[in-house]
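Enquirer: This is the structure alone, sequence omitted:
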């Protein structure tokens with residue numbers, strides 16, 4: 001009988017824990033919901049960055065897909081100005097990477113302008129290799145750092 005009572009008590013604890021986890025998961029899901037038209041909405045649902053091949057400023061197909069989504073979002077939410085920030089991996093001189101970052105930022109800007117976003121809403125800046133994200137000296141890190149990031153103002 002004691003074993004049966006202990007088993008029943010343990011089963012009740014498991015049921016309560018499962019309900020608690022479900023409630024926590026629902027709360028976590030609710031807390032990750034973003035407000036339409038917010039910066040978080042843009043980053044999470046549209047994407048704020050496009051990536052480039054080594055030593056290139058040509059927009060790849062995956063980048064065009066992101067920029068097309070950005071253009072549609074920016075047409076809907078016209079209250080935002082943007083800064084297009086060009087970035088590079090750590091290889092190359094500071095001067096070379098600043099110039100390459102500027103070409104990347106301008107390529108992304110020109111793509112958005114071609115999609116109907118007024119050029120007056122878009123500023124460009126190049127950070128070259130000065131703001132790595134992530135920091136690293138391998139191909140995976142370099143690939144993530146060859147990017148243009150759309151920053152909402």
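Expert: Arrived safely, thanks for sending. Just so it is clear, the model here is predicted, and its values are computed rather than measured.
Enquirer: Confirm for me that residue 115 is in contact with residue 71.
Expert: Yes: with contact defined as CB atoms under 8 Å, residue 115 reaches residue 71; the gap is 3.6 Å. The way it works is simple: take the backbone N, C-alpha and C, and place the C-beta from them, glycine included.
Enquirer: Tell me where the protein has helices.
Expert: 2-31, 39-41, 61-76, 94-114, 139-145 (DSSP state H).
Enquirer: Lowest average confidence across the ones you listed, which one?
Expert: Note on those: helix 2-31 shows the lowest mean pLDDT, a mean of 48.
Enquirer: now what about stretch 103-114, what contacts it?
Expert: The contact list for stretch 103-114, computed with CB atoms under 8 Å, 6 or more residues apart in numbering, reads 50, 52, 57-59, 63-64, 67, 70-71, 74, 84-88, 119, 122, 124-126, 146-148, 150.
Enquirer: Between residue 115 and residue 71, which is the more surrounded one?
Expert: Per other CB atoms under 10 Å, whichever of residue 115 and residue 71 has more neighbours is residue 71, with 18 against 15.
Enquirer: Contact partners for that one?
Expert: Contacts of residue 71 (CB under 8 Å, 6+ apart): 112, 115, 116, 117.
Enquirer: The protein - how does it break down into domains?
Expert: Following automatic domain parsing, the chain resolves into domains at 1-33, 36-152.
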